[in-house]
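# here you go, sequence then predicted model.
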Amino acid sequence: MTIPKNYPIRFTPKGLSDAFDATDTFPGACQTLQNLVFDQANPELISARPGVGTALTSFSGFSAPGYVSIHVTLGTLTFGMIATSRFAGHDEPFCYDNVAGAFIGVFGPTAANTPTSPATTGPWTPPTMAVIGVKIIITHPGFNGVGANFFGVIDITNPAAPTWTSANLATNPLPAVPTSVANFNNRAYYSFGNKLFYSDVLVPLTATNAGQSLTVGDNTAITAQAGLPVQTTSSGIVGALVIFKPAQIWQITGDAAIATNPLAQNYLTLNVGCISPRSIVPTSFGLAFVGIAGPFFLSPLGAVLPLNSKLSDGSPADLQAPFQNTTSPTRIAAGFQGNIYRVCVPTTTAAGVATNDYWYDLYRRRWTGPHTFPYDCVSMVSGSASGSYFLLSSAANPGALYRGLAQTQAGITPEYDDLGVPLQVVMQSSSFPKTGHMAEKQVVESTIELSSIGVGVLYNITAMNTLGNTIGTAAVTTKNIGGVWGSNVWGDGTLWASVKNTPNVYTVPWSAPVVFKKFSLNIQATAVNSLSIGTFYARYQDCGYTLME
């Protein structure tokens with residue numbers, strides 16, 4: 001029998017938001033989408049993210065491998081720095097072949113030409129890397145500026161036998177250990193304080209002229225450098241070097257050797273900047289980065305805008321609080337692959353201090369997270385025989401490199417665990433509905449779309465009031481839909497079916513009426529390949545009284 005005078009409620013999870021109440025944000029706002037990502041084939045579903053699994057490499061052959069302070073992938077090779085006991089208290093360079101799954105020896109490191117290992121917690125100046133010609137330049141806070149100990153150089157003239165040394169600029173040396181390096185117009189640009197020093201073209205170890213430097217803006221130090229193609233109305237697409245300071249962004253264009261396009265600098269903003277060097281990542285929509293107020297992006301037109309659902313106006317991002325509450329902004333790390341900008345941030349949450357990973361989906365223009373594998377350095381492996389993925393390293397799990405998939409890929413069997421621990425997914429909605437009825441409401445009948453293929457999945461469902469108290473519980477175990485060929489036992493109820501993940505509608509078996517003014521929905525399960533959560537429907541009645549919770 002239908003409930004009389006009922007009102008429908010629909011909730012479809014659409015993305016992460018800071019808001020506790022979904023009414024004035026967007027339909028489908030969630031407080032938590034832990035280890036859940038958007039189903040790329042179905043806009044109404046969220047699915048479990050692929051896990052990190054076990055390490056791709058644990059640096060076999062290295063002496064007591066420890067913290068990986070930086071790595072950058074060039075083609076199929078990943079270069080980086082790792083703390084070892086070979087030179088006690090120092091980092092040494094490494095080269096990892098992502099296709100062969102083996103290390104290539106780097107010749108030349110000594111205790112005298114390698115930097116001291118950095119601390120793994122607290123504020124720091126992250127190492128940086130840039131490729132100019134056949135040289136990889138590495139800035140590192142562990143260089144002491146004594147002799148030639150200013151920055152590291154990996155010579156990749158022969159990629160099968162790279163060599164290492166440390167150096168300073170010849171002819172006109174740097175006055176101090178640089179804090180960052182970038183390639184612009186085939187010159188190495190080194191930063192120190194508020195100055196940029198640039199090398200000769202394709203000769204990153206020499207500055208022939210004494211005037212090869214720029215003073216950028218005020219006396220605050222440069223945070224980071226990043227390249228960006230810039231769209232103009234008169235010159236089409238031109239290259240630019242973007243300089244980030246804590247509260248400013250500057251743009252360098254041209255070159256000192258080109259009379260028709262001389263070296264020039266212009267400010268893009270004098271009130272938005274970046275203090276998280278590793279959050280700055282080139283993406284298909286511009287340079288994404290984390291500022292003091294939250295996540296932003298710099299468009300090819302030079303506009304600095306919040307990273308929100310529109311990517312075109314000044315409205316705030318849906319997710320700001322984790323970045324505003326970061327406990328260590330210089331430890332934030334980010335990467336971009338396919339349509340995912342992911343950023344890992346040490347932050348303060350309602351549950352305490354945590355390191356959380358959040359993903360921004362460019363197609364959906366919404367956030368998911370937090371995802372539970374922490375990292376502080378990420379590079380991108382693309383187009384290799386082993387697929388495309390994020391390469392991750394972490395102070396929490398030192399001496400290893402890990403593969404992180406943004407989504408399932410053909411040819412790669414997804415894992416749904418991090419370091420052998422099964423992923424636990426949690427969807428926590430923002431509270432809803434906010435109506436003008438003012439009375440308490442009750443729900444008896446409700447349904448939800450859930451799915452799994454093969455073995456059924458147990459979904460634990462909890463309704464919570466605005467104070468976080470439980471006001472109703474239920475459990476749904478999905479049907480055993482579709483089997484794995486070769487695993488069938490006659491009579492076990494398995495049906496041969498397509499592996500296509502199609503959701504099924506289930507009744508939510510509340511044990512008693514759920515009474516609330518507003519409520520939020522919490523769904524938890526253990527991740528598997530086909531886990532998906534879709535639309536929740538309910539019908540509520542006004543109770544005819546108003547009661548404070």
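Done, it's in.

# what's the neighbour count on N219?
Residues near N219, counting by other Cβ atoms under 10 Å, number 7. From N, CA and C alone the C-beta is placed, and that goes for glycine too.

# confirm that it sits in a strand.
No. Counting by DSSP: H, G, I helix; E, B strand; the rest coil, N219 is not found in a strand; it is coil.

# which residues touch the nearest residue to it once chain neighbours are set aside?
Spatial nearest neighbour of N219, excluding adjacent residues (Cβ to Cβ, 6 or more residues apart in numbering): N194 at 5.5 Å. N194 makes contact with 215-222, 245 under the criterion Cβ atoms under 8 Å, 6 or more residues apart in numbering.

# what's the neighbour count on the spatially closest residue to S276 that is not a sequence neighbour?
Nearest residue to S276 in three dimensions, chain neighbours excluded: I332, at 4.0 Å (Cβ to Cβ, 6+ apart). By the measure other Cβ under 10 Å, the count of residues near I332 is 26.

# need the strands for the stretch 301-450 of the chain, in chain order.
In the stretch 301-450 of the chain, the strands defined using DSSP state E, counting those that start in this stretch lie at 304-306, 333-337, 340-349, 352-361, 366-371, 377-384, 387-394, 397-404, 417-418, 421-422, 424-429, 441-451.

# can you pull the buried residues of the fourth one?
The one in question is strand 352-361. 355-361 (16 or more other Cβ atoms under 10 Å).

# now the strands of the stretch 301-450 of the chain in TSV, with mean pLDDT and distance to F94?
Compiled in TSV, the strands of the stretch 301-450 of the chain are given as follows (pLDDT from 0 to 100; distance: least, Cβ to Cβ, whole Å):
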stretch	mean pLDDT	distance to F94
strand 304-306	92	36
strand 333-337	95	19
strand 340-349	94	22
strand 352-361	94	24
strand 366-371	95	27
strand 377-384	84	13
strand 387-394	91	11
strand 397-404	95	10
strand 417-418	94	24
strand 421-422	94	27
strand 424-429	97	33
strand 441-451	91	43
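
# pipe those strands into a markdown table and attach distance to I156 per row.
Shown next, in a markdown table, are those (distance: least, Cβ to Cβ, whole Å):
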| stretch | distance to I156 |
| --- | --- |
| strand 304-306 | 35 |
| strand 333-337 | 22 |
| strand 340-349 | 28 |
| strand 352-361 | 31 |
| strand 366-371 | 34 |
| strand 377-384 | 16 |
| strand 387-394 | 18 |
| strand 397-404 | 19 |
| strand 417-418 | 33 |
| strand 421-422 | 38 |
| strand 424-429 | 42 |
| strand 441-451 | 48 |
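
# spatially, what comes nearest to the residue most central in space within the chain if we skip its sequence neighbours?
Closest residue to the average C-alpha location of the chain: R342 at 1.8 Å, with Cα atoms, centre = their mean. Nearest residue to R342, sequence neighbours excluded (Cβ to Cβ, 6+ apart): W359, at 4.7 Å.

# beta partners of the one you found?
R342, T368 (DSSP bridges).

# give the contact list for L405.
49-50, 387, 389-390, 412, 414.

# if we use 10 Å, what do you get?
By Cβ atoms under 10 Å, 6 or more residues apart in numbering, L405 lies in contact with 37, 49-53, 337-338, 340, 387-390, 412, 414-415.

# circling back: out of the strands of the stretch 301-450 of the chain, which comes closest to A207?
strand 377-384 (28.4 Å; Cβ to Cβ).

# neighbouring strands for that closest one, and are they parallel or not?
Counting by DSSP bridges, strand 377-384 is paired with strand 387-394 (antiparallel).

# next, the buried residues of stretch 109-127.
Buried-residue list, stretch 109-127, by 16+ other Cβ under 10 Å: 109, 113-115, 117-118, 120, 124-127.

# and stretch 194-211, how far apart are its ends?
Terminal residues of stretch 194-211 are spaced 15 Å apart (Cα to Cα, to the nearest Å).

# quick one: buried residues of stretch 247-265?
Here stretch 247-265 shows 247-255, 263, 265 as buried, counting by 16+ other Cβ under 10 Å.

# how about a markdown table for these, with secondary structure added?
Converted to a markdown table, these look like this (three-state DSSP):
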| residue | secondary structure |
| --- | --- |
| A247 | coil |
| Q248 | strand |
| I249 | strand |
| W250 | strand |
| Q251 | strand |
| I252 | strand |
| T253 | strand |
| G254 | coil |
| D255 | coil |
| L263 | coil |
| Q265 | strand |
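
# identify the farthest-apart pair in the residues you listed.
The most distant members of the buried residues of stretch 247-265, if one measures by Cβ to Cβ, are A247 and D255, lying 27.7 Å apart.

# make TSV from the buried residues of stretch 109-127 and add pLDDT and distance to V455 to it.
Shown next, in TSV, are the buried residues of stretch 109-127 (pLDDT from 0 to 100; distance: Cβ to Cβ, whole Å):
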residue	pLDDT	distance to V455
P109	98	50
N113	98	56
T114	98	51
P115	98	51
S117	98	46
P118	97	46
T120	96	40
W124	97	46
T125	97	49
P126	97	44
P127	98	45
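
# which of those sits closest to P433?
P126 (45.2 Å).

# contacts only, for the closest one.
69-70, 118, 139-141, 179-180, 224, 276-278, 330-333, 376-377 are the contacts of P126 under Cβ under 10 Å, 6+ apart.

# that one is in what secondary structure piece?
Using DSSP states H and E, P126 is not contained in any helix or strand.

# cool, and the one 10 residues further on?
Secondary structure assignment for I136, by DSSP H and E: strand 135-139.

# and that strand, which strands flank it?
strand 128-132 (antiparallel), strand 151-155 (antiparallel).

# which phi and psi does T23 have?
phi -60, psi -50 (degrees, to the nearest 10).

# for G294, same thing?
The phi/psi pair for G294 (degrees, to the nearest 10) is phi 140, psi -160.

# what's the local residue count around it?
19.

# could you find the closest non-adjacent residue to it?
Ranked by Cβ to Cβ, 6+ apart and with sequence neighbours excluded, the top spatial neighbour of G294 is Q320, at 3.5 Å.

# ok, now N397?
N397's closest residue in space is L419 (Cβ to Cβ, 6+ apart), at 6.8 Å.

# the helices in the protein, which residues?
Taking DSSP state H as the test, the helices found in the chain are 321-324.

# need the helix or strand of it with the lowest average pLDDT.
strand 224-232 (a mean of 73; mean pLDDT, DSSP states H and E).

# and T473, bridged to which residues?
Here T473, judged by DSSP bridges, has bridge partners T462.

# and the closest residue in space to K518 that isn't next to it in sequence, how many neighbours does it have?
Spatially, and ignoring its direct neighbours in sequence, K518 is nearest to S431 (4.3 Å; Cβ to Cβ, 6+ apart). Neighbours of S431 under the rule other Cβ under 10 Å: 21.

# for the nearest residue to V426 once chain neighbours are set aside, give me its contacts.
Using Cβ to Cβ, 6+ apart and skipping the chain neighbours, the partner closest in space to V426 is Q34 (4.0 Å). Shown in contact with Q34 (Cβ under 10 Å, 6+ apart): 16, 49, 356, 368-372, 423-428, 524.

# among those, who's most crowded?
Busiest of the contacts of Q34 [other Cβ under 10 Å] is R49, holding 31 neighbours.

# so who does the residue lying closest to that one once chain neighbours are set aside touch?
Distances taken as Cβ to Cβ, 6+ apart place V37 nearest to R49, at 4.6 Å, with adjacent residues excluded. By Cβ under 10 Å, 6+ apart, V37 lies in contact with 46-50, 340, 359, 361, 364, 368-369, 371, 405-408, 425.
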